[in-house]
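> Provide a 3D model corresponding to the input given below.
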Amino acid sequence: MQDPTLSLKSADAHEPPGEVVTRSVQVRGLDLAYETFGRPDDPAMILVMGLGTQMIAWPDELCRALAATGRYVVRYDNRDIGLSTHLSSLPVPNPAAVMLRRAPAPYAIADMADDLIGLMDELGIPEADIVGASMGGFITQSAAIRAPHRVRSMTLIMTSTGSARVGRPKARAFGPALFRKRPTNRQEAIEATLATFERIGSPGYPVDIEQLRSLAARSLDRAFDPDGVVRQLAACLRQPDRTPDLHRLRTPTVVLHGLSDPLVAPSGGLALAKAISGSKFVGYPGMGHDLPRQLWGSFAEEIITLSDRTLAARAQAGNSEANNSVNVGGSAPAR
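All right, here's what the predicted structure looks like:
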């Protein structure tokens, strides 16, 4: 029986369901682990996950639904997470000190954006639709600012501009990330994950605890590195306000945001939509800071609608340019 929550899921998928193969490529001295869905000759779409979260948090079913529409979908582990390089030689700062600007971050969101662009280089992808969730949205914006010709469109999910004036978290959602004791073993890490999603998850879409526990266990079996998560957090805490640069972007964009998000308040998503010319904001009542299964179909529809529109506009512009060239050539005197 077809899953009703994935309205774009199709039996005509370019790549039949099967085992997903994890590969690795070297980018700027780092090994970045990635997985793909669909055919490499289809338009590329890259999914960028958030803070302390591995690429497998992008559900296989959602990835396959996107690929079924004729997209080459790539998901990858950011630095310091999953099967990508963990920068263990770098210091592990105190997050509170970083937030108060009493300690530097070991690296910046811009470095992670350069990782994304480098991954595209190594995979031979000249441009792509980029989908970024939470910290992945920070990375996506930074990539578009640094290399606008590489980012065909942006879908920005539960993220913000980097301005401290918008998207402010509620204390119950963010405080524990700064002050809680880091887990020291697998079971503690699983329980910490469950506790985190209890605080930041969607009140309108109850989470499947066993499914979440299974995802946490899979993630821990791939890698367990609390220090890496702290380094990523430091990069988020020291990110700049991108608003002035976002005003200059002309990248087609849709912003998807939970109206009950306690970690990145909806004002962050609204500020993004206001800053990026021509962008669209979609607010989801009852959605917190996660990706509820019940909304996967809506997410996929928004992502593909934006991608289709952008590709059609590119094709039309290319045809117009070609016609103009023919007209100019036809008016030239014979030699």
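> Go through stretch 301-312 and flag the buried ones.
301-304, 306-307, 310-311 (16 or more other CB atoms under 10 Å). The C-beta positions use only the backbone N, C-alpha and C, and glycine is treated the same way.
> again, but for stretch 199-208
Neighbour counts over stretch 199-208 (16+ other CB under 10 Å) mark 199-202, 204-205, 207 as buried.
> same deal with stretch 122-133?
In stretch 122-133, counting by 16+ other CB under 10 Å, buried: 123, 125, 127-133.
> Quick one: end-to-end length of that stretch, please.
End-to-end span of stretch 122-133 (CA to CA, to the nearest Å): 23 Å.
> what do you get for stretch 227-247?
End-to-end span of stretch 227-247 (CA to CA): 35 Å.
> That one: how far from the chain's middle?
Chain-centre distance of stretch 227-247: 14 Å, with CA atoms, centre = their mean, to the nearest Å.
> mean confidence score for it?
On average, the pLDDT along stretch 227-247 is 97.
> re the thing from before, name the nearest of the buried residues of stretch 301-312 relative to H257.
E302 (11.4 Å; CB to CB).
> could you dump the buried residues of stretch 122-133 to a markdown table with distance to I81 and secondary structure?
Shown next, in a markdown table, are the buried residues of stretch 122-133 (distance: CB to CB, whole Å; DSSP: H, G, I helix; E, B strand; the rest coil):
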| residue | distance to I81 | secondary structure |
| --- | --- | --- |
| L123 | 19 | helix |
| I125 | 21 | coil |
| E127 | 25 | coil |
| A128 | 20 | strand |
| D129 | 22 | strand |
| I130 | 18 | strand |
| V131 | 17 | strand |
| G132 | 15 | strand |
| A133 | 13 | strand |
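> Which one of those is nearest to A273?
G132 (14.5 Å).
> you'd agree D290 is up against T196?
No - using CB atoms under 8 Å, D290 makes no contact with T196, being 9.7 Å away.
> okay, these two: which has more neighbours?
D290 (24 against 20; other CB atoms under 10 Å).
> Columns distance to A65 and pLDDT on top of the buried residues of stretch 301-312, output as JSON lines?
Output for these, formatted as JSON lines (distance: CB to CB, whole Å; pLDDT from 0 to 100):
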{"residue": "E301", "distance to A65": "10", "pLDDT": "98"}
{"residue": "E302", "distance to A65": "12", "pLDDT": "98"}
{"residue": "I303", "distance to A65": "10", "pLDDT": "98"}
{"residue": "I304", "distance to A65": "9", "pLDDT": "98"}
{"residue": "L306", "distance to A65": "15", "pLDDT": "98"}
{"residue": "S307", "distance to A65": "13", "pLDDT": "98"}
{"residue": "T310", "distance to A65": "19", "pLDDT": "97"}
{"residue": "L311", "distance to A65": "18", "pLDDT": "96"}
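> Among the residues you listed, name the ones in strands.
In strands, judged by DSSP state E, none of the buried residues of stretch 301-312 are found.
> which stretches of the stretch 151-300 of the chain aren't confidently modelled?
Counting by pLDDT under 70, the ranges of the stretch 151-300 of the chain that qualify are 175-180.
> can you map out the helices along it?
171-179, 186-200, 209-222, 226-237, 243-248, 266-275, 296-331 (DSSP state H, counting those that start in this stretch).
> Could you export the ones you listed as TSV, including distance to R23?
Output for the helices of the stretch 151-300 of the chain, formatted as TSV (distance: least, CB to CB, whole Å):
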stretch	distance to R23
helix 171-179	31
helix 186-200	26
helix 209-222	14
helix 226-237	20
helix 243-248	32
helix 266-275	32
helix 296-331	23
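> Of all these, which one comes closest to S88?
Among these, helix 226-237 sits nearest to S88 (CB to CB), with 7.0 Å.
> show me what contacts the spatially most central residue of the chain?
In the chain, the residue lying closest to the centroid (CA atoms, centre = their mean) is G132, at 2.0 Å. Residues in contact with G132 (CB atoms under 8 Å, 6 or more residues apart in numbering) are 47-48, 138-141, 154-157, 159.
> let's see 10 Å
Counting by CB atoms under 10 Å, 6 or more residues apart in numbering, G132 touches 46-50, 113, 116, 138-144, 154-159.
> can you check Y284 too?
157-158, 202, 204-205, 256-261, 266, 292, 294-295, 298-299.
> Can you give me the distance of it to T305?
16 Å (CB to CB, to the nearest Å).
> Give me the residue ranges of the stretch 1-150 of the chain where confidence is low.
1-18.
> Show me what the host helix or strand of A110 packs onto, helices and strands only.
Taking DSSP states H and E as the criterion, A110 maps to helix 109-123. When contacts are defined as 3 or more CB pairs under 10 Å, 6 or more residues apart in numbering; DSSP states H and E, helix 109-123 packs onto strand 23-27, strand 30-37, strand 44-48, strand 72-76, strand 128-133, helix 135-146, strand 151-157, helix 226-237.
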